[in-house]
Each structure stands twice: as structure tokens, then as C-alpha cells.
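A.B. asks: Got a predicted structure plus its sequence, pasted below:
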Amino acid sequence: MALALTVLSIFGLVVSFLYDWKSGVLFLVFVCSLLSYIFKKMNDLSVSTDNYISDLSYRMHRGEQETLLEMPVGVLMISETGVIEWVNPYLTPYFGDQDLLGKTVEEVNEELSDILENNWDNPDYATVKWEDHYFTMLIQKEYRTIYMMDITKYYQIEKDYNDEKIAVGQVFLDNYDEITQSMTDQEISNLNNYVTNELTIWAQKFGFFIKQVDEDHYIMMAYSKVLKDIEDDKFSILDEIRESTSKQNYPVTLSIGIAYGEDNLNDLSEQAQSDLDLALGRGGDQVVVKAKDHEARFYGGKTNPMEKRTRVRARMISQALQELFKEADTIFVQGHSQPDMDSIGACLGIHRLAKMNNKHCYVVIPDGTFHSDVQRLIDKTKEDETLASDIITPEEALQLADDNSLLIMVDHSKPSMSVSEDLYNRLESKVMIIDHHRRGEEFPENPVLVYIEPYASSTCELITEMFEYQSQDAEPVSKLEATAMLTGIFVDTKQFTLRTGTRTFDAASYLRSAGADSEEMQQFMRENPDAYMARMHLISMAKVVEGHENMMYVAGEEDKVYDPVTAAQAADSMLNMSGVEASYVISHRPDDLIGISARSNGEVNVQRVMEELGGGGHLSSGATQISDKTIEEVEHMLLDSINEVKSEEAPEESEDN
């Protein structure tokens, strides 16, 4: 603007002098005065602007300083070597009366030093506990500056809110009907009074509500905080009632399912029922605590489950299976991956049941080689033209399956363990389960029929009982099928020495009368030299679990693969050593996973150890498979799991003593 006025003034001055020099002089004086005034005003404006900016900068800088000093956020600046360079007044009281500047964080407070070390590479906000306070912490790594806001007050509000959430539980007396059948009315009344009284005392001790809704059924409601206290007590009520009633020769066990974490009571009730079903499916005498979409926590289950199934139930399951056969066009049966004799024998048993009901059944077995006993059985089935034509691969099964097909899963209930998980996904709305293992968290969402009996010796035993309820005109069990199923029972019971009841011998007797050949059984079970030498080699590497003289384990080589059956047999053989109550074998499997086979004589619950590692099984036998780990890493995981389970059981054992 000033430049434009100057140019115009010069132009006007030149014109004025051209016409009249006097006018030019007057115009010159006017122009000089005007320009002088304009430049003075512009200078004043510039000075005023500079002063404003300077004042604003000072106020902003001062505000930043005051903010760092007065805001309710702690600020800690440290050097590259961890020396404290500056702390704002907000954070100073948390260090007490210490002199901070010039000292390292570790010298001043080791707890804070560990917190910073653990979170140094975290670019996000983190909630940490320090000096009995909770903080939201942010680390600006590039500036070596730490911001900490005390949120203890809000954390406590959130904690109180969560502590006061409702947990709903279902309590069930597992074997009430079986026990009371042989009791007098007076004894039944005494038993009811005792159990109700013990549960009431238990509820009063921890401060929750419990109500009897049936002779063998109670409901309970508790705050989440109370539930935590009950969990810390490891649900000792299970042992108290079981041991006290056992002394009266009427051993009663409890199963409890508890749900929490939801605001909707209907959802909690449904989840609690689901948890109770899971506890019962695992054999009872235990507790399942679970929130929706969270992992379940298990308590109890330390004892072998008592026989609770009846022939009435076996008949009902058999009849229900016949109805499912009628509704299905095609039937598929599959066992678990890396099949054993019980799995293959059970598949052949279902194949026979389908034929007895005039239905076509396919046995799904993958291509590949198996352990010697299973391979001999499969080779033997190929000699039977009719049976051989019904044994198909998973790929063939997927092509044959349609919406009206039925899939029967035997000797397992985890879809991920199936011979073909793709086939399960294709027929997940038409799935039946027959198994003798304790149920785990992974389970088909809506099976059409479930027959899980952890009290049975084997799946072959369960299926054998169904033959008695088929039409007498149906073609009977063949010699090969009977031999295969009896071999499955024989192997799973360790030659009738483990988990063997009267029903086991009844099933074995039926199969023997149906033509089961004991000589052929021995042929199936013979080990080939390589498998025998591999088993002996594994046993030769056995070591005692440190701190647990009654347990031994084997960690196989990193560069050697062992058949899962060989590993399991090695674990079985180690139990024959004097003083050994539990054994574990870690080895590489043919499917590129690392497997652990666990066995016990019933004194040690290996199922709980395996569940800690993502597996499962029975109290006396279990297994798991682990991926993306080395043998050494899995060895450490196993030992940690053993110590953790034993530490959980230690308080219960000390109370018993």
C-alpha cells in the first residue's frame, strides 16, 4: 500500500511541476507530510504487533510451565542413562521425601523402574499399578518423557461396579437318583437335610444366596466379589460333602455351573445351565465357572467318576439313534485324527448299527500310514469287499455329503480333532457324538444327539451295548467287527486293568460270543520292531520331575518324529516303574505338531495338567498337541503346568491332612 501511494505521489508531483511550479511545490509538501504520516502509523502498527506477539508467546510459554507444574498429570523426564532430569510437583509426593534429580529411576524406586522397562516400547496408553495406586501411563520414548495420571479413584469405582455384578449358579447332585434307590425314606430325608444344611452353611460363610428347587437341584446367586472368594477357596464344599457322605456309604458328589459377566439374568441363567452341562459331561464332581466368550475355569474333578449310566439310558440312546438313521439319507462316521483301535473299532460298530437299520454308512479314514496295530486292522478290512467299499477318504466324503446326511463323531467331541473338520463344518447341523472322554470347552454348538459317558471304559463299550436293542432279524456283528471292537476295549482298559466296570466285561462277553477272535486280537496288537525300539528309546530318556518324585517325563529329540501311539505306550510303560504315579512323554508327531501323552495310576489328575496346555482327557490319561514350539519350550510349559496344578491342589491336600 505504501509503495502504491509513493508511486502515485511521484506521478502527481511530476504532473504538477509540468503545469505550475508553485502548485508542484505545494503538492510536494503535501505528499511529504502524507508519506511521513503513513510511515509513522505503519511503524506504530509493527511495534504494536511485535509487542502483542511477544506478550502472547510469553503467556503461552508461562501457561505451559504452569500446566506442567499444576496440572493433575505427573511428568517425569529422564536421560538416556535413566537418570531423572525433572519431575513435576504432581508426581513428587509419590516418591516420598527422596531427592530425585541426578539419580536413576532404579535407585529411587525399583517398582517404577520395572514398570517403565516393561512398557518402554509401548506407544499406547497403559494402565499400571504403582505404590498401591493405579495410573494411566504414556511414554514418549523419543523425548524420554513419561506422563502418569492417577486414576485410582475411577479404578475403584469400576472395580466396585464389577464386584457388584451378579453371578448365577446351578448346583446339581450328580448321583442322587442312583443312591436313593436303595435308601429308606428316613435315610433319604437325612441325606437331604445334611446336604441342604451344608450348602446353607457354605452360603452363609461367603455371603451369597442359595435355594433348593428340587431334591437334587439348587440355584445360587452371588456378587462377583464373593465368587472370587469362593474360587480362592477352591470350592472345598465338593470335598466336604463327598467325604462326609462316603463315610455313611452313600457318596454324594456335586456338579456346579456358574456364569457371570452379563447384565441380563436370562443370559446368565442359560450360561449357568451350559456350564453345568459341561461339568456333568466331564464326569461330574466338579465346578465350571465361565463368562460368555471367555475360557472356563475348572475346579474339582480330582476323583474317578462313579458309574452313573444305566441300561435304560443306553436303550434310549439306541432308540434315538435309530430315529436319526431313519431321517438321514446317508450316514458318515469318523473318529479322531491319528486314530487308535478304539476309534476305528467304534467306527466299524456304527457301520454295523447302520446296516442293522438298513442304512448305508461310510467310514471316513484318511489316506496315509498309521501305527502298526491300526494299520493291520485297516488292511484286514480291505479283505472284506463290502466293508472296504464303504471306507472312504475325507475328500470323497465331502463330495457325497448333502443336507440330509448325518455325521457321527466317535471317540472324540472336539471338531478340531476330527479326521475331517471340513466334513464336520459341512454337516454341523446334523452331528451326533458318542464318546467316553470328558467333555472340553470346544464342543459342537447344536448336536442332534450327545452320548458322552466318562464312566465307560471305551467308546466301543458304549456302542456294543446298543447292539442288544436292535432288531433280532438284522444281520449280526461280523467276526472282524467284534474282534476290532474287543481290541478297542482291551487297549483302552490296558488289558482290563483301568476304568473297568461290570458293564465293560458284559460288553466284552457279548463281543466274544459274537465271534471276536483273541488270536487275531494279539496279531493286531503286536508291535513291529521299529515301534518297539522307539518306545524303549523314549523310556531310556525318562527323567524325574523336579520336586515331584512320583512323576517322570520324557522329552524327545528335536529332530526325530514319533508315532503318537508309540509315545502313549511309552507313557503307559513308565507307570510300571516302582513309585511312579504319573508319566508324560513329549515328542514330535507326524503332523508337524508336538504332542504330549500323559498317564497316571489315578492318584494324579493328568487331565487338569493337559487342560492347562489346551488338551484334555481323563483323570488317568490325557493328551495335547502344541504348534510353533520347540521340544525344549514345550518341556518348560509342561513342568510349569505340573507345578501350577499341584500348587492349586496343595491347599486342598493340606486341609485334608
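C.D. replies: Everything's here; your move.

A.B. asks: contacts and neighbour counts: CA atoms only from here.
C.D. replies: Noted.

A.B. asks: For residue 357, see how far away residue 472 is.
C.D. replies: For residue 472, the distance to residue 357 (CA to CA, to the nearest Å) stands at 11 Å.

A.B. asks: repeat for residue 317
C.D. replies: Residue 317 is 15 Å from residue 357, by CA to CA.

A.B. asks: Same question for residue 552.
C.D. replies: In terms of CA to CA, residue 552 sits 48 Å off from residue 357.

A.B. asks: Comparing the two, which residue is more hemmed in?
C.D. replies: Set residue 552 next to residue 357 and count neighbours by other CA atoms under 10 Å: residue 552 wins out with 23 against 17.

A.B. asks: in a helix, that's where the more buried one is, yeah?
C.D. replies: No: counting by DSSP: H, G, I helix; E, B strand; the rest coil, residue 552 falls outside a helix, being strand.

A.B. asks: For it, which non-adjacent residue is closest in space?
C.D. replies: residue 544 (4.4 Å; CA to CA, 6 or more residues apart in numbering).

A.B. asks: need the contact list for that neighbour.
C.D. replies: 550, 551, 552, 553 (CA atoms under 8 Å, 6 or more residues apart in numbering).

A.B. asks: Thought residue 540 was touching the last one, still the case?
C.D. replies: No: the criterion here is CA atoms under 8 Å, and residue 553 misses it with residue 540 at 10.6 Å.

A.B. asks: Can you list the low-confidence ranges for this structure?
C.D. replies: Applying pLDDT under 70 to the chain picks out residues 1-31, 35, 50-70, 302-312, 649-657.

A.B. asks: Centre-most residue in it?
C.D. replies: The centroid of the chain falls nearest to residue 295 when counting by CA atoms, centre = their mean (4.6 Å).

A.B. asks: Name the nearest residue to that one, sequence neighbours excluded.
C.D. replies: The nearest residue in space to residue 295 (CA to CA, 6+ apart) is residue 441, at 7.7 Å.

A.B. asks: Quick check: which element contains the one you found?
C.D. replies: Using DSSP states H and E, residue 441 falls within no helix or strand.

A.B. asks: can you give me the helices for the stretch 351-500 of the chain?
C.D. replies: 372-381, 385-389, 394-400, 421-426, 459-467, 479-492 (DSSP state H, counting those that start in this stretch).

A.B. asks: Next secondary structure element downstream of the helix or strand containing residue 211?
C.D. replies: Here residue 211, judged by DSSP H and E, is contained in strand 209-214. Using DSSP H and E, the helix or strand that directly follows strand 209-214 along the chain is strand 217-223.

A.B. asks: Just the residues contacting the helix or strand following that next one, thanks.
C.D. replies: Going down the chain from strand 217-223, the next helix or strand is helix 224-232, by DSSP H and E. Helix 224-232 is contacted by residues 162, 163, 164, 165, 166, 167, 206, 207, 208, 260 when judged by CA under 8 Å, 6+ apart.

A.B. asks: In PyMOL, select just the buried ones from the residues you listed.
C.D. replies: A single PyMOL command is used to select the members of the contacts of helix 224-232 judged buried by 16 or more other CA atoms under 10 Å:
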select buried, resi 163+166+167+207+208+260
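
A.B. asks: Select from the contacts of helix 224-232 every entry located in helices.
C.D. replies: 162, 163, 206 (DSSP state H).

A.B. asks: Of the contacts of residue 544, which pair is most distant in space?
C.D. replies: The most widely separated members of those, counting by CA to CA, are 550 and 553 (10.5 Å).

A.B. asks: And those two? Which one has more around it.
C.D. replies: Applying other CA under 10 Å to residue 550 and residue 553 shows that residue 553 carries more neighbours, namely 25 against 17.

A.B. asks: Apart from its neighbours in sequence, what residue is nearest that one?
C.D. replies: That would be residue 584: by CA to CA, 6+ apart, it lies 4.5 Å from residue 553.

A.B. asks: about what we covered before: please tabulate the contacts of residue 544 in TSV, including the columns distance to residue 559.
C.D. replies: Below are the contacts of residue 544 laid out as TSV (distance: CA to CA, whole Å):
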residue	distance to residue 559
550	29
551	25
552	22
553	18
